[in-house]
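# Generate a structure from the sequence data that follows.
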Amino acid sequence: METYKTGTVNTIINENGVDLGSINVNLYTMDNKTSVIDIHIKKKNIINENQEYISVNFNQTKFEPVLHVFAQDGSIFTNEPLEIVKAEEGFVRYIIPEYITKHVGQMQCKLFLENPENNDSTHVANFYFTVNDSGITKSVGKEIRVELLDDIVEKVMKDNVDIFKGPQGERGLQGEQGIQGERGEKGDTGAQGPKGEIGETGPQGLKGDKGEKGDTGSLSITDTGWQLLPLTNNAEGFQLYRHFMLPSYKVVSIGERKIVSIYGIVTNVNSNTVFANIPREVAPPASIQLRMNARLNTGNTLFNISSSGTIESQGTTNPNEIYVFEYTWTV
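Numbers count the residues shown, from 1 in each chain. Just a heads-up that it's a prediction; the model follows:
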């Protein structure tokens, strides 16, 4: 493989947030297996009192890097292969496969460190790059790697066992007992005879009837797909190209649980002002405060999602700036 296009991501694991925004990598649908993203992962040095960061040494930890990619057309690619280039320097490389560059639009990437032995994990970074249409290839449809949905279903079911457990089946009937004969008179006690040889094992008795199987619990899964997010107070959705998705939300229902996701690029957002609304029935149970990044990394601001469904900027914003936001929660 020859490499012609390279992007670099420098990540720091800390409590200040994981959203890095755009990494300024623009690919095309004809970039087939010739592009890579080099990722350098650092963490806070808790031993040193000075504020400094050191590289994650994969030779000294059981944590492994895990990358998931979410395409703008709704395609989902989980557990993308990563190459550890220099373990002691926390340097890993993502060779972008052909099936990724066949999808036009933004590629939202989520990077984690996970310990496969005990399910410990940390969210390292969110970032995105763009795939543009070369104009000579046919676009592909939506793809979903089933293992991600399986993981979501498994997690929700484990967290809510009582909801998905079916009714208990009835106990099977016990077999009839044989007729007991009359008891004879007790005879005189005789002298103890010699110990006899061990006899052969007798045949096993008949097994009782098996009870009927209980009813199987039902599980319903639905997906609304991306729906336009209603904007207000002169806020506007931003589209760099016509195929980019406007601010949207979607709801995946698994039984009685709902997984809600929002994503969007907006401009003309005023300070301390409600700029969008989401249906109250899928709003988070308590208000959430998040960070909204400027598209060109010139600054960021905070925004709140309330339990009533309002999405409001927090603090001072620049109406001429273009902001990117993304979040997922469960109700």
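
# how deep is residue 120 tucked in, by neighbour count?
The burial metric for residue 120, expressed as a neighbour count using other C-beta atoms under 10 Å, is 11. In short, each C-beta sits where N, CA and C put it, glycine included.

# repeat for the one 3 residues further on
When neighbours are counted by other C-beta under 10 Å, residue 123 registers 12.

# Which residue, neighbours along the chain excluded, lies closest to it?
In space, not counting the residues next to it along the chain, residue 123 is nearest to residue 18; the distance is 5.3 Å by C-beta to C-beta, 6 or more residues apart in numbering.

# Next one: that neighbour, what pLDDT does it get?
At residue 18, the model reports a pLDDT of 88.

# what do you get for residue 31?
According to the model, residue 31 scores 91 on pLDDT.

# picking up where we left off before, could you measure from the residue nearest to residue 123 over to residue 49?
Residue 18 sits 25 Å away from residue 49 when distances are taken as C-beta to C-beta, to the nearest Å.

# More neighbours: these two, which one.
Taking neighbours as other C-beta under 10 Å, residue 18 and residue 49 compare with residue 18 leading, 19 against 7.

# Phi first, then psi, for that one.
Geometry field for residue 18 lists phi and psi as phi -120, psi 0, criterion degrees, to the nearest 10.

# does residue 328 sit in a helix or strand, and which one?
Here residue 328, judged by DSSP states H and E, is contained in strand 322-330.

# Tell me how far that strand lies from the chain's centre.
15 Å (C-alpha atoms, centre = their mean, to the nearest Å).

# so what strands line up beside that strand?
Using DSSP bridges, strand 322-330 pairs in its sheet with strand 257-267 (antiparallel), strand 288-294 (antiparallel).

# Now that strand: buried residues?
By neighbour count, and taking 16 or more other C-beta atoms under 10 Å as the criterion, the buried residues in strand 322-330 are 322-327, 329.

# Columns distance to residue 198 on top of those residues, output as TSV?
Formatted as TSV, the entries for those read as follows, by distance: C-beta to C-beta, whole Å:
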residue	distance to residue 198
322	89
323	85
324	81
325	80
326	75
327	73
329	69
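
# got these as CSV, with pLDDT and distance to residue 195 columns?
Formatted as CSV, the entries for the buried residues of strand 322-330 read as follows, by pLDDT from 0 to 100; distance: C-beta to C-beta, whole Å:
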residue, pLDDT, distance to residue 195
322, 87, 96
323, 86, 92
324, 87, 89
325, 84, 87
326, 88, 82
327, 84, 80
329, 87, 75
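
# Pick the one among the residues you listed closest to residue 70.
Each of those was scored against residue 70 by C-beta to C-beta, and residue 326 proved nearest at 9.2 Å.

# so what's the closest one up against?
Contacts of residue 326 were listed using C-beta atoms under 8 Å, 6 or more residues apart in numbering, and they are 19, 108, 126, 261-264.

# So which of the residues you listed wins on neighbours?
residue 264 (23 neighbours).

# So what sits opposite that residue in the bridge?
Beta bridges link residue 264 to residue 325 when assigned by DSSP bridges.

# my read: it touches residue 247, true?
Yes: between residue 264 and residue 247 there is a contact at 2.8 Å, judged by C-beta atoms under 8 Å.

# Mind listing the shared neighbours of the two?
229, 237, 276.

# Count the residues that sit near the nearest residue to the first one once chain neighbours are set aside.
Of all residues not flanking residue 229 in the chain, residue 247 sits nearest, at 4.2 Å (C-beta to C-beta, 6+ apart). For residue 247, the number of neighbouring residues by other C-beta under 10 Å comes to 22.

# so how far is residue 299 from residue 247?
Where residue 299 is concerned, residue 247 sits at a distance of 20 Å (C-beta to C-beta).

# what do you get for residue 185?
When residue 185 is compared with residue 299 (using C-beta to C-beta), they lie 105 Å apart.

# Can you list the buried residues in stretch 5-18?
Going by neighbour count (16+ other C-beta under 10 Å), the buried part of stretch 5-18 is 7, 9, 11, 13, 18.

# Okay, now the unreliable bits of the stretch 201-331 of the chain?
When residues are selected by pLDDT under 70, those of the stretch 201-331 of the chain lie in 202, 205, 214-219, 240, 242-243, 297-298.

# repeat that for 80
Low-confidence segments of the stretch 201-331 of the chain, defined by pLDDT under 80, span residues 201-202, 204-211, 213-219, 239-244, 295-299.

# And the strands in it, which stretches?
221-223, 227-228, 236-237, 248-254, 257-267, 274-277, 288-294, 300-305, 310-314, 322-330 (DSSP state E, counting those that start in this stretch).

# Save those as CSV, and put in distance to residue 57 too.
Output for those, formatted as CSV (distance: least, C-beta to C-beta, whole Å):
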stretch, distance to residue 57
strand 221-223, 40
strand 227-228, 44
strand 236-237, 43
strand 248-254, 37
strand 257-267, 34
strand 274-277, 43
strand 288-294, 29
strand 300-305, 30
strand 310-314, 38
strand 322-330, 30
